[in-house]
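Engineer: Here is the input, now give the coordinates:
(chains A, B and C, ligands or ions: 5)
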Amino acid sequence: MTGEGDVLLRLDHVRKYFPVKGGALMQREKSHVHAVDDVSLQVRRGETLGLVGESGCGKSTLAACVVRLFELSGGSITFDGRDISRLSRRALRPVRRELQMVFQDPFASLNPRKRVGRIIGDPLRIHRLASEKQIDAQVRELLSRVGLSPEHMHRYPYEFSGGQRQRIGVARALALRPKLIVADEPVSALDVSIQAQIVNLLAELQQELALTYLFIAHDLGVVRHVSDRIAVMYLGKIVELSPAEDFYAQPIHPYSEALLSAVPIPDPDRSERRQQIVLEGDVPSPITPPSGCRFHPRCRYATDICARQEPPLVDYANGHLAACHHPLNLDRRSPVDATAPLRSPMDRPAAALIPTNEEGPNEQ
Amino acid sequence: MGTFIVRRTLWTLLVLISISVLVFLLFFSIPGIDPAVAMAGRNPDPATIRAISHAFGLDRALPIQYLLMMKHLFVTRDLQSYTNQGIRVIPEIAAAAPVTLSLVAGAVVLWLVFSIGIGLVAAVFRGRAIDRILMILGLIGIATPSFLLGEAANIVTQSKLHDTPLFHWVPPLGYTPLSQDPVMWFKHLIIPWVVLASAQFIGLYSRILRSSLLDVMHEDYVRTARAKGLSERRVLIRHVLRTSMITFVSLFGLDLGSLVGGGVVLIEVVFALPGVGLLTFQAASGLDLPVIMATIMYGAFFIVLANLLVDIGYTWLDPRIRPA
Amino acid sequence: MSEPLLEVTDLRVSFRTEEGLAPAVDGVSFTLDRGEVLGIVGESGSGKSVTMLSVMRLIVDPNAVFGGKILFKGRNLLEMSRGQIQRIRGAKIAMIFQDPMTSLNPVYRVGWQITEQIQAHAELTKRQARERALELLAGVGIPNPRARIDDYPHQFSGGMRQRVMVAMALSCSPELLIADEPTTALDVTIQAQILKLIKELRSESGSSVVLITHDMGVVADIADRVVVMYAGRIVEQGDKRDLFYDPQHPYTWGLLGSIARLDRPKGERLASIPGMPPSLINRPPGCHFQPRCVHRVERCSVEDPALTDKLGNGHVDACHLDASVKRRDRVLGSAPTGSS
Ligand SMILES: Nc1ncnc2c1ncn2[C@@H]1O[C@H](COP(=O)(O)OP(=O)(O)OP(=O)(O)O)[C@@H](O)[C@H]1O
Ligand SMILES: Nc1ncnc2c1ncn2[C@@H]1O[C@H](COP(=O)(O)OP(=O)(O)OP(=O)(O)O)[C@@H](O)[C@H]1O
Ligand code: SF4
Ligand SMILES: [Mg+2]
Ligand SMILES: [Mg+2]
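Structural biologist: Ligands and ions are numbered 1, 2, ... in the order given. Sure, this is the predicted structure:
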């Protein structure tokens, strides 16, 4: 579909296993948590790839592997044409600048004893990119860019609300003018009314600075809103990878189907009409993942083959990939109009609540 | 659980052996000092020095010396003190140990009962007058050196007020074994118990308990316990206290270990109790190397044993760290 | 009409703090009928939890000051003795909390924690209580309960722990179940399982449910009536459909508008509510929402709007704007702009 040229980040067969210690006397490595197990995907320049999946399926681990907070257990990561998976700490340094992370918890991820100005300016200092005076000016610029006022640089993190702190986290990530931002659940800890502020901010910044995002979230609504493509993980594996609207309209993997059907719809009538698939049981242990297709013990379409043989990730149409022996929605496939509503059009006045004609960004 | 205990026990043995090697090296391989001369006490005659050199194989390689030392200590148990001619060290310690154990055991009972009681009362009435008073008393206790309190108690009960009916029963300083006369045993020990427990321990432990009780009181599961409709007393004892004991117990075990291991020197000196502490004290002032060596090993043994028990108790109290 | 199961009248809960008295709940009134599911939504810190914890009398902070009335089957819970309230808690009114990871005592076995509650309220032997606990665990969908009943909480996943909490809450067949964000810490597939359990409780035993949540989707799924709270007060209350399809308070619009929805075409931007929620101690004059409200008029910063039923259908709201003006402005959907 697209040439190699616009791939910014490329994961090939990435694996991350955590050892589980056990045994008498000596702490032998007995078994492994298969947190990320053979993940291959590409993120293109300027796009947002949304990564979703059940809690514990390995999203954060994958993110940490991408920014090399963890050593890989296998596979390789190519960033901007360069294999970064084997680089030494020193060789990695210049790469780190272009690869930043925004964390979930705006309360825990900022050093409480440093002023905001230092928090944002420190990456610049560490990489010796500017003089103190330039740093000062850049920090001010970054603060106003994320919707805070430059005077805030002399305050401490505790003087800010959760939403403002997340803005500070974004400003820190932007300081080094990165190419890729890995955002691990950047809005999950925020209040509903504040979530939208941050999502909008990230979208604006992407346009202005031509950023590429790897965006992890639980909330499928938020993910749809920000993403161009979606990757679905289940127990350490990518089970579906698809252009966003195509995924939401016609998911192929049964797990995606269940996931989408479980998202609550904030509309009483529709909520009542729709058929929910309630998955039974919990996610199995990543230490001893099920044989064959890892979803088969909870899948309502599962047959013998699912338990025996692992389904490969197959391209069904237009870059819509899925790994399943019994793919769904194949007969209904048609080009998807990204602007059309997903199900029946809105029939009550509340539809108008979504504003479309607004000017200017939201300050504060 | 089983393999865990086995593993911990083996680990403990390893630690003990390492300690013995360290102590041995400390005494026997300090350059420039002849351990034989040091062991012979003050003004030794050359014959004694020669006898010592031979007994400990000081003319042989270090590992052999170490093994010989361990043999004297544990196998033949005939390590001799040369300062106090002819006294055998091991039986000496064996005789002193019950005194120390009696002293510590009684103090521990007082200290546990009172610190848990005070900690609970202070936590339940946190912020009120009774909480403040108890905590100030506790601070005073922590700040008072035990030997000072002991001396003061001695002055009061042995001389000043000894002839009043209040303290007439107090026997002169000393010790009577439990097997010989339980009543006398008790009379000898009750004052040391109170002194040992109230200086430092009750104050410290009630404070520790109070603060962990207060932490636990804010835990979500305590709210759940109340929401279940349990009585306040049950919430306090079964849910709050039970989980608070985790820190308490680990500290307690370590203190207990060091006390039994000889950490009660001062109290034993003040009350003239012939326990391990007193023995160590005398050995140290007389530079009696074999006794010092043996008492250190004895102390280390108890401290490491206490560590082991704490670890096991800890896993019993807190299932989260229990190995599957 | 029969007497409501729960009737909260002008509830006020304030905390004495160093900066002054913080009115966390500031004159909240609502009723709950038998078999009804009431959803409470609102900003973080708006007093949702404090309100329902007060119903359970679970606020033990000595700095809390209470006012108003909470009638449960006609009796004022706020005036009951400790003993009386203990007989109601867990038996007549049960509560599930947000964080399943911390809501169970880590040092006791799961089964023990359930039987403890059963035995606190019913004269059962240990064995009978255990049998009941097994039934309950099976009822909430714990596979192979006989093998799992003696596990410790840390051996369960978050979803399983929350199911244990539900089992515990249901153990004495309560007439009222309070669920404080029962699914916020769980992911959507597990959330669906828990909500299904709560629905079953209502349909099988006719219990009433109060469900606190941030998630308008959860409310749409399960509630009959909805209360919207902002800064310690109820700003809007009404039947679920009225509230979703004809919302009256600008804060509710913001709440509904800021959701990135799956059932709508993807908009360019999400509507967000500008600014931050007010501090409890220095609340703005007039309407508490006024500094963040793009629809405010002069009157808003002077006069405190009362909760009134302007539409005559029991759908009340506290906003000075006229219902017709609101419908117009709301449809225009002018998104908040500028103003910091
Ligand atoms: N440092 C670690 N050591 C051992 N196991 C780990 C470690 N970090 C994560 N895991 C395990 O790896 C798996 C994947 O965890 P990860 O945090 O990546 O999940 P996630 O998808 O981000 O979940 P969530 O949505 O809850 O954040 C989990 O089973 C987790 O327990
Ligand atoms: N013990 C307390 N002392 C002082 N203030 C308190 C206390 N408990 C709660 N508050 C305050 O009361 C207000 C209401 O809190 P509450 O927990 O009811 O909010 P909530 O609506 O449940 O929010 P969330 O959605 O975040 O759970 C908050 O501002 C909180 O800080
Ligand atoms: S009363 Fe005024 S400020 Fe308050 S919500 Fe209504 S319009 Fe906005
Ligand atoms: Mg994560
Ligand atoms: Mg709450």
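Engineer: so where's chain A shaky on pLDDT?
Structural biologist: Low-confidence segments of chain A (pLDDT under 70): A:1-5, A:21-30, A:332-364.
Engineer: Taking the centroid of it, which residue is nearest it?
Structural biologist: residue A:216 (2.0 Å; CA atoms, centre = their mean).
Engineer: What segments of the stretch 251-364 of chain A are helices?
Structural biologist: For the stretch 251-364 of chain A, applying DSSP state H, counting those that start in this stretch gives helices covering A:254-262, A:268-273, A:304-308.
Engineer: Report the buried residues of the last one.
Structural biologist: Neighbour-count burial for helix A:304-308, with 16 or more other CB atoms under 10 Å in any protein chain shown as criterion, is recorded at residue A:306. Yep, even glycine has a C-beta here, placed from its N, CA and C like the rest.
Engineer: ok, residues contacting that helix?
Structural biologist: A:290-293, A:296, A:299, A:325-326 (CB atoms under 8 Å, 6 or more residues apart in numbering or on different chains).
Engineer: can I get the CA coordinates of that helix in CSV?
Structural biologist: Below are the C-alpha coordinates for helix A:304-308, written out as CSV (Å, rounded to 0.1, in the frame of the first residue of the first chain):
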residue,chain,number,x,y,z
ASP,A,304,-11.2,-27.5,16.9
ILE,A,305,-8.7,-25.9,14.7
CYS,A,306,-8.6,-22.8,16.9
ALA,A,307,-7.2,-24.8,19.8
ARG,A,308,-4.7,-26.5,17.6
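Engineer: Look up phi and psi at residue 104.
Structural biologist: Picked chain A for this. Here is the backbone geometry of residue A:104 (degrees, to the nearest 10): phi -70, psi -50.
Engineer: Return the residues in contact with the residue nearest to it when sequence neighbours are not counted.
Structural biologist: Of all residues not flanking residue A:104 in the chain, residue A:185 sits nearest, at 4.0 Å (CB to CB, 6 or more residues apart in numbering or on different chains). Residue A:185 makes contact with A:60, A:104, A:216-218 under the criterion CB under 8 Å, 6+ apart.
Engineer: Okay, and which of those residues map to strands?
Structural biologist: If you go by DSSP state E, the contacts of residue A:185 have residue A:216 in strands.
Engineer: Show me what the helix or strand that contains residue B:18 packs onto, helices and strands only.
Structural biologist: Assessed by DSSP states H and E, residue B:18 sits inside helix B:2-28. Secondary-structure packing of helix B:2-28 (3 or more CB pairs under 8 Å, 6 or more residues apart in numbering or on different chains; DSSP states H and E): helix B:35-39, helix B:62-70, helix B:289-317.
Engineer: Now the last one: buried residues?
Structural biologist: When neighbours are counted by 16+ other CB under 10 Å, the buried residues of helix B:289-317 are found to be B:289-315, B:317.
Engineer: Over to the second one?
Structural biologist: Along helix B:62-70, these residues count as buried under the neighbour rule (16+ other CB under 10 Å): B:65-66, B:69.
Engineer: Specify the angle between that helix and helix B:2-28 in degrees.
Structural biologist: Interaxial angle of helix B:62-70 relative to helix B:2-28 (axes from the mean of the first three to the mean of the last three CA atoms, to 10 degrees): 110 degrees.
Engineer: Put the alpha carbons of helix B:62-70 into PDB.
Structural biologist: What follows is helix B:62-70, C-alpha atoms only, in PDB (Å, rounded to 0.1, in the frame of the first residue of the first chain):
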ATOM      1  CA  LEU B  62      44.400 -20.000  58.800                       C
ATOM      2  CA  PRO B  63      41.700 -22.400  57.600                       C
ATOM      3  CA  ILE B  64      43.000 -25.000  60.000                       C
ATOM      4  CA  GLN B  65      43.000 -22.500  62.800                       C
ATOM      5  CA  TYR B  66      39.400 -21.700  62.000                       C
ATOM      6  CA  LEU B  67      38.300 -25.300  61.900                       C
ATOM      7  CA  LEU B  68      40.100 -26.000  65.200                       C
ATOM      8  CA  MET B  69      38.300 -23.000  66.800                       C
ATOM      9  CA  MET B  70      35.000 -24.300  65.600                       C
END
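Engineer: pLDDT of that helix, averaged?
Structural biologist: Per-residue pLDDT over helix B:62-70 has a mean of 82.
Engineer: do the longest helix anywhere in chain A and ligand 3 meet?
Structural biologist: When every helix of chain A is counted residue by residue (DSSP state H), the longest turns out to be helix A:192-209. No - no part of helix A:192-209 sits near ligand 3 under the criterion CB under 6 Å from any ligand atom; the closest distance found is 13.3 Å.
Engineer: Just the buried positions in that helix, please.
Structural biologist: A:192-206.
Engineer: Just the CA trace of the longest helix along chain C, in CSV.
Structural biologist: Criterion DSSP H: the longest helix present in chain C is helix C:188-205. Extracted as CSV, the C-alpha positions of helix C:188-205 are listed here (Å, rounded to 0.1, in the frame of the first residue of the first chain):
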residue,chain,number,x,y,z
VAL,C,188,-14.9,-2.8,29.0
THR,C,189,-15.4,-6.5,28.6
ILE,C,190,-15.2,-7.0,32.4
GLN,C,191,-17.3,-4.0,32.9
ALA,C,192,-20.0,-5.6,30.8
GLN,C,193,-19.9,-8.7,33.1
ILE,C,194,-20.3,-6.6,36.3
LEU,C,195,-23.2,-4.5,34.9
LYS,C,196,-24.9,-7.7,33.8
LEU,C,197,-24.7,-8.9,37.4
ILE,C,198,-26.2,-5.7,38.7
LYS,C,199,-29.1,-5.9,36.2
GLU,C,200,-29.8,-9.5,37.2
LEU,C,201,-29.9,-8.5,40.9
ARG,C,202,-32.6,-5.9,40.1
SER,C,203,-34.7,-8.1,37.9
GLU,C,204,-34.4,-11.2,40.2
SER,C,205,-34.9,-9.7,43.7
